[in-house]
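1. Okay, sequence plus prediction incoming.
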Amino acid sequence: MGVLFQTFYWNCPSLENQAYQWFNYIKPRITSLAATGFTAIWLPPFCKAACIGGPSMGYDPYDYWDLGELDQKGGIPTWFGSRADLLALIAEAHTHNIDVYADLVFNHNSGADAEELNPVTNSMGWTKFTPASGKFPRDWECFHPSEYETTDGFSFGGLPDLCHRNPDVYTALLEYTRYLLGTIGIDGFRYDCVKGYGGWMVRAIQELRGLRNDIAYRPFGVGECWDTDRTILDWMTEANAWSDNPCSVFDFPLRDLLKGLCDVYGFSLRNLAPAATQPSGSQHPSGPAGTVLQYNPALAVTFVENHDIVRDNPIVNDKMLAYAYILTHEGYPCVFWQDYYNWDLAQPTNQSGIDALVKAHRSNAGGPTEVLYVGDSLYIMQRTGTNAQKGLVFVLNNSAATSGAQVHTHWPNTTFHPAAWRGHDNTDIPAPRTTAPDGTAEFSAPSRGYTVYLPT
């Protein structure tokens, strides 16, 4: 799979002095992102938000159809820019064969224009929405509780909770996503807060078809189900039942393991090895126990940080170990803006940053994952490759000195060169390795570091 790039973080327009210009700020970076090997970008919610108390990150949607073109809720553009800016960014991304994913916030709304009586509860609520677009006006029947449904089991922050079982709500949201696909040029969706509505809503959107140059395409989708593996897998079962375009999901359990790798003293690398017992129907060991990667690597979106988790539970030590793992293993890896740009982990001029890992992923990270050696402080695996990607050997070292082991690889009589590496002090540069006729060789990594070896 490719590599996804999250193009925002919390309050980014303000913190980088780019208020109402964020889309324009992203646009000139598209060329270099594409050259490195990124294949898709994830945009923040770009419809007009309630903006109560000031500009908003968009997770309080008011008028879905206003993409920064109507004068309401404090101004014409969103905090990220105008509709024209959005379209220009999408066009630039498509010029470089980068897909664009929209962030859909369909659980709740905010910024109602008036209070009204809900006769089901005989109480007043802020549920009267009269958006300037004239699209999707809402009243109490569009929210819980209504005549259609009392609750869907989850609400967010006391905001009006959309009732998707109301045919008007269901239809309006489908029409909106069709508009994003057909008119705006969106290629896929990130579904915010999916525990707040039925998986059948996601499935209906995933079964839509976009048309571009008279060619149909299926939208990509990834759900934010921030929970344990059991809840995530239950949601995937519901959302993807009978679907010919299943939705992916962020692998939060894997991210918890990666935080342990980076921040917990004495973390055993055995925790990162594929589970010995695989789910029914699994073709090969693919991920650690209790992760989406274990159960369905094709639908696992792996990540190190995002705009939410970094504010409350960030990884603070040796974060490149986590990026090395997700950019060599199966799944669809996602790179976070602050890590890449603000915290200097891109490092395009050397082999010790995210760029080198993305390039290795693009050229070589194909085929199944096979662990060649695993101990508490040393982990060696290979991706055996495909016709398009030649495969790799990955070494992860959690000890205080350079460490390695002799392993039996997929490649006899082959020279491997280190394409990406990082160590505690970055002075121990790995040397090339050549396998014997039986495919064996010793592979190593620097102290508290990693090496990615590519066959030549």
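-> Good, I have the coordinates.

2. Domain boundaries for the protein, per the record?
-> Following automatic domain parsing, the chain resolves into domains at 4-364, 369-455.

3. I'd like those as a markdown table, with mean neighbour count appended.
-> Placement of C-beta: from N, CA and C, glycine included. Compiled in a markdown table, these are given as follows (neighbours: other CB atoms under 10 Å):
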| stretch | mean neighbour count |
| --- | --- |
| domain 4-364 | 19 |
| domain 369-455 | 19 |
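
4. Columns mean pLDDT on top of those, output as CSV?
-> Output for the domains of the chain, formatted as CSV (pLDDT from 0 to 100):
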stretch, mean pLDDT
domain 4-364, 95
domain 369-455, 95
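
5. which stretches of the protein form helices?
-> Using DSSP state H, the helices of the chain run over 12-15, 22-26, 30-36, 83-95, 167-179, 199-206, 229-240, 252-263, 292-295, 309-312, 319-326, 337, 354-364.

6. Could I get those helices in CSV, plus columns for distance to Gly423?
-> Formatted as CSV, these follow (distance: least, CB to CB, whole Å):
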stretch, distance to Gly423
helix 12-15, 31
helix 22-26, 33
helix 30-36, 22
helix 83-95, 35
helix 167-179, 46
helix 199-206, 42
helix 229-240, 32
helix 252-263, 15
helix 292-295, 26
helix 309-312, 25
helix 319-326, 10
helix 337, 26
helix 354-364, 14
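
7. Quick one: closest of the ones you listed to Tyr62.
-> Proximity to Tyr62 (CB to CB) singles out helix 167-179 among these, at 13.2 Å.

8. what helices or strands is that closest one leaning on?
-> Judged by 3 or more CB pairs under 8 Å, 6 or more residues apart in numbering; DSSP states H and E, helix 167-179 is in contact with helix 199-206.

9. got the CA positions of the helix it packs on in PDB?
-> C-alpha atoms of helix 199-206 as PDB (Å, rounded to 0.1, in the frame of the first residue of the first chain):
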ATOM      1  CA  GLY A 199     -21.800   1.100  10.800                       C
ATOM      2  CA  TRP A 200     -24.500   0.800   8.100                       C
ATOM      3  CA  MET A 201     -24.100   4.600   7.500                       C
ATOM      4  CA  VAL A 202     -20.500   4.100   6.700                       C
ATOM      5  CA  ARG A 203     -21.300   1.100   4.500                       C
ATOM      6  CA  ALA A 204     -23.800   3.100   2.500                       C
ATOM      7  CA  ILE A 205     -21.200   5.800   1.800                       C
ATOM      8  CA  GLN A 206     -18.500   3.200   0.900                       C
END
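
10. which helices and strands sit right next to that helix?
-> On a contact count with 3+ CB pairs under 8 Å, 6+ apart, helix 199-206 meets helix 167-179, strand 220-223, helix 229-240.

11. Let's have the ones you listed in CSV, adding distance to Ser155.
-> Below are the helices and strands packed on helix 199-206 laid out as CSV (distance: least, CB to CB, whole Å):
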stretch, distance to Ser155
helix 167-179, 15
strand 220-223, 18
helix 229-240, 17
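
12. for the ones you listed, which one sits closest to Val395?
-> Using CB to CB, the nearest of those to Val395 is helix 229-240, at 27.1 Å.

13. contacting residues around the closest one?
-> 194-195, 198-200, 202-203, 206, 223, 225, 227, 246-247, 249, 252-253, 290-292, 294-296, 299 (CB atoms under 8 Å, 6 or more residues apart in numbering).

14. Write down the beta-bridge partners of the residue most central in space within the chain, one by one.
-> Centre of the chain computed as the mean C-alpha position; nearest residue by CA atoms, centre = their mean is Cys334, 4.7 Å away. Counting by DSSP bridges, Cys334 forms beta bridges with Leu4, Phe303.

15. residues touching it, list them.
-> Neighbouring residues of Cys334 by CB under 8 Å, 6+ apart: 3-6, 42, 250, 301-303, 306, 326.

16. From Gly198, how far off is it?
-> 25 Å (CB to CB, to the nearest Å).

17. next one: Ile90
-> 29 Å.

18. try Gly157
-> 20 Å.

19. And Pro137, by the same measure?
-> Distance from Pro137 to Gly198, by CB to CB: 23 Å.

20. now swap in Thr291 and tell me
-> Relative to Gly198, Thr291 is positioned 25 Å away (criterion: CB to CB).

21. in terms of contact, does Val335 touch Phe5 like I think?
-> Yes: using CB atoms under 8 Å, Val335 is in contact with Phe5, at 5.2 Å.

22. Now do the shared contacts for these two.
-> Phe38.

23. Need phi/psi at Asn387.
-> Note on Asn387: its backbone torsions stand at phi -60, psi -30 [degrees, to the nearest 10].

24. check contacts around it.
-> Contact partners of Asn387, counting by CB under 8 Å, 6+ apart, are absent.

25. Make 398 the first number, not 1, from now on.
-> In the new count, where the first residue is 398, that last one comes out as Asn784.

26. Show the contacting residues for Leu696.
-> By CB under 8 Å, 6+ apart, the residues touching Leu696 are 633, 637, 643-646, 689.

27. and if you look at Asn693?
-> Residues near Asn693 by CB under 8 Å, 6+ apart: Met633.

28. ok, now how distant is it from Ala686?
-> Asn693 is 14 Å from Ala686, by CB to CB.
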